[in-house]
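Peer 1: from the sequence below, what's the structure:
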Amino acid sequence: MEEYPELEHCINKEYEADIAEWLGYMYAYLMISGVSSDFMKKIDWKRLYDMYDTLHKQSCDYVKAYILMEKIVKDS
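Peer 2: Numbers count the residues shown, from 1 in each chain. Okay, the predicted model is just below:
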């Protein structure tokens, strides 16, 4: 929520917390798996937030590959 305060309007706070937890987990996984900090800054986290329903049941490896393959980055 600190990164995207515009998402504050979401009604279901419990669901929002689940998404935030998943994004935090993915962030940690990407850092541990050696994704460069420069690339981490380019990832479009808002877009991943919006894709939660689709991606949260996939493996971390799948999501990492998806980010890299689909170029889920800002201004792309």
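
Peer 1: residues in contact with the top helix by length along the chain?
Peer 2: Longest helix in the chain, counting residues (DSSP state H): helix 13-32. Helix 13-32 is contacted from outside by 1, 7, 10, 37, 40, 43, 45, 48-49, 52, 56, 60, 63-64, 67, using CB atoms under 8 Å, 6 or more residues apart in numbering. Just so you know, the C-beta spots here come from the backbone N, C-alpha and C atoms, and that holds for glycine as well.

Peer 1: and if we set it to 6 Å?
Peer 2: Helix 13-32 is contacted from outside by 10, 49, 52, 56, 60, 63, using CB atoms under 6 Å, 6 or more residues apart in numbering.

Peer 1: so what's the second one closest to, chain neighbours aside?
Peer 2: For residue 49, ignoring the flanking residues on the chain, the nearest one in space by CB to CB, 6 or more residues apart in numbering is residue 19 at 5.9 Å.
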